[in-house]
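>>> Attaching a predicted model along with its sequence, questions to come.
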Amino acid sequence: MKKSKNSINTGIIIKDLIKELKLSNPEIQAAIGRKGNAMFKYFRNSSIQTDILIDLSYAMNFNIFQIIANQLPAEMRKVSHDNQKTEEQQRIAVLEEEIKILKAQLDIVMKLKG
């Protein structure tokens, strides 16, 4: 498989993050259920599978994907942020509509009681 010219070395990210967070390789390996010298293998790999990165994120209590995202050009992050904002706005609109319905139902119940 051809290497991307835009690659981000996740092995180096993991190694640096473990050092920065003052964690030990054995404790991380235990937390993700790996044995032997798995961490050293990850350090040597420039690309690590998503599931492993997720496991490592939970083990270190740190969002590794944010580090990766921050290495992308700013205009890429902006698009992603705009998409997230749109999803949040859609969710707010749905919740506001549910509130209107619940208020109408409450009004009906209050009129019937009263």
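Now that the structure is in, tell me what you want to look at.
>>> Go through the chain and flag its longest helix.
When the chain is scanned for its longest helix (criterion: DSSP state H), the result is helix 74-113.
>>> so what does that one touch, helix or strand wise?
Contact partners of helix 74-113 among helices and strands, from 3 or more CB pairs under 8 Å, 6 or more residues apart in numbering; DSSP states H and E: helix 64-70. Using the backbone N, CA and C atoms, a C-beta is placed for each residue, glycine as well.
>>> What lies in contact with the helix it packs on?
8, 10, 13-14, 17, 53, 56-57, 77, 80 (CB atoms under 8 Å, 6 or more residues apart in numbering).
>>> May I see the residues you listed arranged in TSV, with neighbour count, pLDDT and distance to Ile108 as well?
What follows is those, written out as TSV (neighbours: other CB atoms under 10 Å; pLDDT from 0 to 100; distance: CB to CB, whole Å):
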residue	neighbour count	pLDDT	distance to Ile108
Ile8	15	89	57
Thr10	23	93	57
Ile13	20	94	57
Ile14	22	94	58
Leu17	17	93	56
Leu53	19	95	51
Leu56	23	95	53
Ser57	17	95	48
Arg77	13	60	47
Ser80	11	55	43
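>>> Closest to Gly33 out of the residues you listed?
Nearest to Gly33 out of these is Leu56 (CB to CB; 11.5 Å).
>>> Please give the element, helix or strand, for the closest one.
Using DSSP states H and E, Leu56 sits in helix 50-60.
>>> Same question for Asp16.
helix 10-20.
>>> Also Ser47?
Following DSSP H and E, there is no helix or strand that holds Ser47.
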